[in-house]
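Asks: Sequence below, structure please.
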Amino acid sequence: MAHYGYDLFSDETPEDFVELLLSMSSTNDQRVIEGIPVVIANHLLRNGYHKFEKDTLKLLNQLQYHQESSLLQRTCLLYVITAALLEKELMLKKEANRIRKLIAHSMQYPQGGTELLSNNSIITQDGLMLDPGRLQKTFRLYAMPKKEKESPLERSAIQRQITLEYNLSKLFPLKQKELIKKKISGEQMTKTEREYYSRVIKRKITAIVDPDMKDFLIQSLK
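Replies: As a prediction, this is how the structure comes out:
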């Protein structure tokens, strides 16, 4: 979405900052995750701190309300990474410190300086490994004057992935979406997860992909 400076977004992705961050943060797709600091930074720089603070607190409160602790910590870490990138790449130390202060009460670890970008990898609390080099490259491409571009094929793949994540978030709560991805990837589920998947999620998916259901709903779009 060009509105947030990451112009790999398609027109079908949301313009609402909170919705967008929720759908992006809940995926494990590295290309999507790498765009999050760009979206955060551009929202701050383009819309001002008052709007940024209001939206960020709404996002954090929503994650806390739904008790999504691992996603909350992942999101906060991406805010910390954004602060480090703003300070290192754009020399915006004041803005960086504002971000750190804003999310400090939601963090369970004290990382936050630009030294974070010097590590070989950054690992989220839920085990997602991020590459600082790729994070910095993406930030330079989309939060700074562009000097290089992805190929049309790469751009199209990322657009499809982001749109998919957004559409899934509209249909399934986060925990259901995680179980669907476990099922597709073949990752082992607990007995409780398997029973819940068969009893609730599978039935919902069956209804969604039913041809008659699709034909019926498509008529409402005309």
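Asks: Next secondary structure element downstream of the helix or strand of the chain with the lowest mean pLDDT?
Replies: Among the helical and strand segments of the chain, the one scoring lowest on mean pLDDT, DSSP states H and E is helix 152-171, with a mean of 68. Per DSSP states H and E, the first helix or strand lying C-terminal to helix 152-171 is helix 174-185.
Asks: Can you report the mean pLDDT over the residues of that next one?
Replies: For helix 174-185, the mean pLDDT works out to 86.
Asks: so how far is it from its chain's centroid?
Replies: 16 Å (CA atoms, centre = their mean, to the nearest Å).
Asks: same check, this time on stretch 163-180
Replies: 12 Å.
Asks: cool, and stretch 66-76?
Replies: 11 Å.
Asks: which other residues reach it?
Replies: For stretch 66-76, the external contacting residues (CB atoms under 8 Å, 6 or more residues apart in numbering) are 21, 25-26, 59-60, 63-64, 103, 106-108, 124-126, 128, 174. Where you see a C-beta, it was placed from the backbone N, CA and C, and this is true even at glycine.
Asks: The lengthiest helix in the chain packs against which elements?
Replies: Ranked by residue count and defined by DSSP state H, the top helix of the chain is helix 36-65. In this structure, helix 36-65 makes packing contacts with helix 17-25, helix 69-89, helix 93-103, helix 132-142, judged by 3 or more CB pairs under 8 Å, 6 or more residues apart in numbering; DSSP states H and E.
Asks: Format those as JSON lines; extra columns: distance to residue 118, mean neighbour count and mean pLDDT.
Replies: Below are the helices and strands packed on helix 36-65 laid out as JSON lines (distance: least, CB to CB, whole Å; neighbours: other CB atoms under 10 Å; pLDDT from 0 to 100):
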{"stretch": "helix 17-25", "distance to residue 118": "24", "mean neighbour count": "22", "mean pLDDT": "87"}
{"stretch": "helix 69-89", "distance to residue 118": "10", "mean neighbour count": "23", "mean pLDDT": "89"}
{"stretch": "helix 93-103", "distance to residue 118": "16", "mean neighbour count": "18", "mean pLDDT": "89"}
{"stretch": "helix 132-142", "distance to residue 118": "7", "mean neighbour count": "19", "mean pLDDT": "88"}
